[in-house]
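Chemist: I would like to see how this sequence folds:
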Amino acid sequence: MSEAGTVRVENLSKTYQTRQRKGIFKSERHAVEALRDVSLEVKQGEIYGLLGPNGAGKTTLIKILTTLLLPSSGNAWVNGYNIVKQDNQVRASVGCMLMGERGLYWKLTGRENLDYFGALYHLAPAGCRERSGQILDMLDMQKLADRTVETYSSGQKMKLAFGKALVNDAPLLILDEPTNTLDVPSASELRAIVRDLHDQGKTIIYTTHIMSEAETLCDRVAIIDHGRLLANGTVDELKQSLHAEQVIHIEGIISSAAVEAVQQLPAVRQATRSAKNGASELTVVIQEDVNLLPGLIELLTGNGALIQKIAAEEITLEDVFIQKTGRTLAEDTRLH
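Modeler: This is a model prediction of the structure:
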């Protein structure tokens, strides 16, 4: 059986050595663990989501899988090729969107960019032109094709960067935050193209910090935080992992003291506050079949909370993330 379109990761870790200043003339070496003993498997023909906030380790993982970084320990195989011993074969067999618009040459036209990257994959000139035309048609960018990239909008540059990942028609696509900076219609259009590529049999690794993308697009999802793989499975499987719990969403003006009081309740598994529309949203995960709502309201108001909306809702992927990590996806891991 062919291993094209598969990924196998075994106990992968990556540690960076950095220096932290201690006063004017002194500094200390400091180890940062970007990945910690990550193991996972991506199956042929699936969309596999890597879900986590900025700084969680998603980009470090895909940089290792595309041979841009060496792991500190562990190993991985991409399309059947070892990432360390067969790095040239790995690069030739993967289409990657990693740096977004920064990976383009702005003084070249869109068509010239695609032709150039096609030549790097050793496509014949006629093959380059044909493939570039197909990609420009797919992205509806023919009218922009012969303008220099520096005249493109940010969204148009991101679409072209996505097109660059398709040049070598690889069995595996690795897309790092592909809808970042896109407006809503353009993001929706790009997701539709990803679904079409999936229908054609492509395997796609899709990193995102947007819950709705992962929930609607991916066959399976891995939740990564602080370099660790915390959960792995289909969206339904991850939701069902909270089957013995209930989720309550509360919107309003909610103080830290009110949140701390809620966290002390015996039936509360998790209580996390986030900003929403200029106010606060408190997500409370409680044991199922516990009638906590009246006491919860009383406790919040007694601690100065002004409640605007409260509802027990269907479990979402974001609820799973909060339960696994103890915080919301919007929080930036790099700040901790």
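
Chemist: CA atoms for contacts and neighbours, from now on please.
Modeler: OK.

Chemist: contacts for stretch 68-85, please.
Modeler: 3-15, 37, 60, 63-67, 87, 89-90, 93, 172 (Cα atoms under 8 Å, 6 or more residues apart in numbering).

Chemist: one more time with 7 Å
Modeler: Stretch 68-85 is touched from outside by 3-15, 63-65, 67, 89-90, with contacts defined as Cα atoms under 7 Å, 6 or more residues apart in numbering.

Chemist: go on, stretch 223-236?
Modeler: Residues outside stretch 223-236 that contact it (Cα under 7 Å, 6+ apart) are 33-36, 38, 50-52, 56-57, 215, 219-222, 317, 324, 333.

Chemist: can you give me the helices in the stretch 151-300 of the chain?
Modeler: Counting by DSSP state H, counting those that start in this stretch, the stretch 151-300 of the chain has these helices, from start to end: 154-164, 184-199, 211-217, 235-240, 256-263, 293-302.

Chemist: list the contacts of the last one.
Modeler: Counting by Cα under 7 Å, 6+ apart, the neighbours of helix 293-302 from elsewhere in the structure are residue 258.

Chemist: show the buried residues in the contacts of stretch 68-85.
Modeler: The neighbour-count test (16 or more other Cα atoms under 10 Å) marks 4-9, 12-15, 63-65, 67, 90 as buried among the contacts of stretch 68-85.

Chemist: just flag the most distant two among those.
Modeler: For the buried ones among the contacts of stretch 68-85, with distances taken as Cα to Cα, the pair at the greatest spread is 4 and 15 (29.1 Å).

Chemist: narrow the contacts of stretch 68-85 to those in strands?
Modeler: Mapping those onto strands (DSSP state E) picks out 7, 8, 9, 10, 11, 12, 13, 14, 15.

Chemist: now do the end-to-end distance for stretch 101-109.
Modeler: Using Cα to Cα, to the nearest Å, the gap from the first to the last residue of stretch 101-109 comes to 13 Å.

Chemist: list the buried residues of it.
Modeler: Under 16+ other Cα under 10 Å, the buried positions of stretch 101-109 are 101, 104, 106, 108, 109.

Chemist: and for stretch 215-224?
Modeler: Of the residues in stretch 215-224, those buried under the neighbour-count criterion (16+ other Cα under 10 Å) are 215, 217, 218, 219, 220, 221, 222, 223, 224.

Chemist: show me what contacts the first one?
Modeler: It stands for residue 215. Neighbours of residue 215 in contact, by Cα under 7 Å, 6+ apart: 235, 317.

Chemist: now do the fifth one
Modeler: Shown here is residue 220, whose contacts under the criterion Cα under 7 Å, 6+ apart are 47, 48, 49, 233, 234, 235.

Chemist: can I assume residue 6 is in contact with residue 42?
Modeler: Yes - proximity of residue 6 to residue 42 meets the contact threshold set by Cα atoms under 7 Å, at 5.5 Å.

Chemist: pipe the ones in strands among the contacts of stretch 68-85 into CSV and attach distance to residue 298 per row.
Modeler: CSV is the format used below for those (distance: Cα to Cα, whole Å):
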residue, distance to residue 298
7, 51
8, 51
9, 49
10, 49
11, 47
12, 48
13, 47
14, 47
15, 47
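
Chemist: any chance of the residues you listed in TSV with pLDDT and distance to residue 281 as columns?
Modeler: Putting the ones in strands among the contacts of stretch 68-85 into TSV (pLDDT from 0 to 100; distance: Cα to Cα, whole Å) gives the following:
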residue	pLDDT	distance to residue 281
7	97	38
8	97	38
9	97	37
10	97	38
11	96	37
12	96	36
13	96	35
14	95	35
15	94	35
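
Chemist: could I get the helices of the stretch 151-300 of the chain as a markdown table with mean pLDDT and distance to residue 76?
Modeler: Compiled in a markdown table, these are given as follows (pLDDT from 0 to 100; distance: least, Cα to Cα, whole Å):
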| stretch | mean pLDDT | distance to residue 76 |
| --- | --- | --- |
| helix 154-164 | 93 | 24 |
| helix 184-199 | 93 | 23 |
| helix 211-217 | 88 | 23 |
| helix 235-240 | 83 | 25 |
| helix 256-263 | 92 | 40 |
| helix 293-302 | 88 | 48 |
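
Chemist: closest to residue 310 out of those?
Modeler: From the helices of the stretch 151-300 of the chain, taking Cα to Cα, the stretch that ends up closest is helix 293-302, at 8.8 Å.

Chemist: helix 256-263 and that closest one, what's the angle between them?
Modeler: Helix 293-302 and helix 256-263 meet at an angle of 160 degrees, taking axes from the mean of the first three to the mean of the last three Cα atoms, to 10 degrees as the criterion.
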